[in-house]
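[1] Structure, please.
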Amino acid sequence: SAMRVLFVAVTLMAGSIASAFAQDVAGATDHPLIPRYEGSAIRGHAISAFDEYELIAGATTQGAGGSTAIVSERPIPLEGKVTHLFYRAPTDRSPLEVFRNYEAVLASAGFEVLFSCSRADCGYRFNSVMNPGARYNGLIYDGQQRYLAARLARPEGDAYVSLYVTSFEPENRTFIKLDVVEVKGMEERMT
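    Model prediction:
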């Protein structure tokens with residue numbers, strides 16, 4: 001009957017929507033200010049109610065005297081709610097395509113780009129700064145890296161974004177590291 005066909009179609013559609021998010025790590029959700037790239041899965045997720053964060057808003061250079069330190073030309077120290085998201089994009093999507101989509105979404109949401117770079121222009125061992133201690137196993141390839149730092153002015157406190165898009169060499173997949181910092185004061189919790 002027509003009702004059965006409709007029920008099957010709705011069930012299949014609900015199943016495909018659920019499977020699109022089925023690969024997300026348990027408890028992970030997108031940040032309300034920034035949608036995900038279609039077909040991406042959240043592979044890492046962490047939220048701190050109040051923490052410090054150094055936004056990289058300039059190319060990186062090697063520390064003085066040939067030290068192993070990596071220094072940003074323009075670090076912006078921030079404090080507030082910090083959300084870390086790490087997405088795996090669908091197959092056959094280049095870092096450039098994914099990056100341009102995020103760039104467009106951030107622009108349409110009113111974010112002002114503070115710094116943007118690609119490949120070697122990002123600076124000395126930039127990929128190590130984006131992935132300290134190889135936090136995301138294997139995400140060290142910088143040949144396709146693209147990055148932007150952006151700010152959204154808001155009455156309740158500015159929001160900052162660190163967006164790093166690159167390819168994961170063994171998988172030949174695009175990955176997205178998105179950090180969102182919502183500047184705000186610390187809650188007074190002493191009793």
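[2] Select the longest strand from the protein.
    Scanning the chain for the strand with the most residues, using DSSP state E, yields strand 41-56.
[3] Give me the residues contacting that one.
    For strand 41-56, contacts defined as Cβ atoms under 8 Å, 6 or more residues apart in numbering pick out 21, 23-25, 27-30, 36, 72, 74-88, 114-115, 129-130, 136, 147, 149, 160, 162, 175, 179, 181, 184, 186-187. For the C-beta atoms, the positions are set from N, CA and C on the backbone; glycine is no exception.
[4] Which ones among those residues lie within strands?
    Mapping the contacts of strand 41-56 onto strands (DSSP E) picks out 72, 75-88, 114-115, 147, 149, 160, 162, 175, 179, 181.
[5] For ChimeraX, write the select line for the buried members of those residues.
    Selection of buried members from the ones in strands among the contacts of strand 41-56 for ChimeraX, criterion 16 or more other Cβ atoms under 10 Å:
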select :72,76,78,80,81,82,83,84,85,86,87,88,114,115,147,149,160,162,175,179,181
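[6] Please tell me I have it right and residue 114 contacts residue 75.
    No. Counting by Cβ atoms under 8 Å, residue 114 does not reach residue 75; the two are 11.4 Å apart.
[7] Give the intersection of the neighbour lists for those two.
    The contact sets of residue 114 and residue 75 overlap at 55, 57 (Cβ under 8 Å, 6+ apart).
[8] ok, the closest residue to residue 63 other than its chain neighbours - how many residues close by?
    Sequence neighbours aside, residue 69 is the residue nearest to residue 63 in space, at 3.0 Å (criterion: Cβ to Cβ, 6 or more residues apart in numbering). Here the count is done by other Cβ atoms under 10 Å, and residue 69 has 12 residues near it.
[9] got any ranges where this protein has weak pLDDT?
    Counting by pLDDT under 70, the chain contains low-confidence residues at 1-22, 133-142, 169-170.
[10] Let's see that with 50 instead.
    By pLDDT under 50, the low-scoring segments of the chain are 2-21.
[11] Just want the most central residue of it.
    By Cα atoms, centre = their mean, the chain has its centre lying nearest to residue 178, at 1.1 Å.
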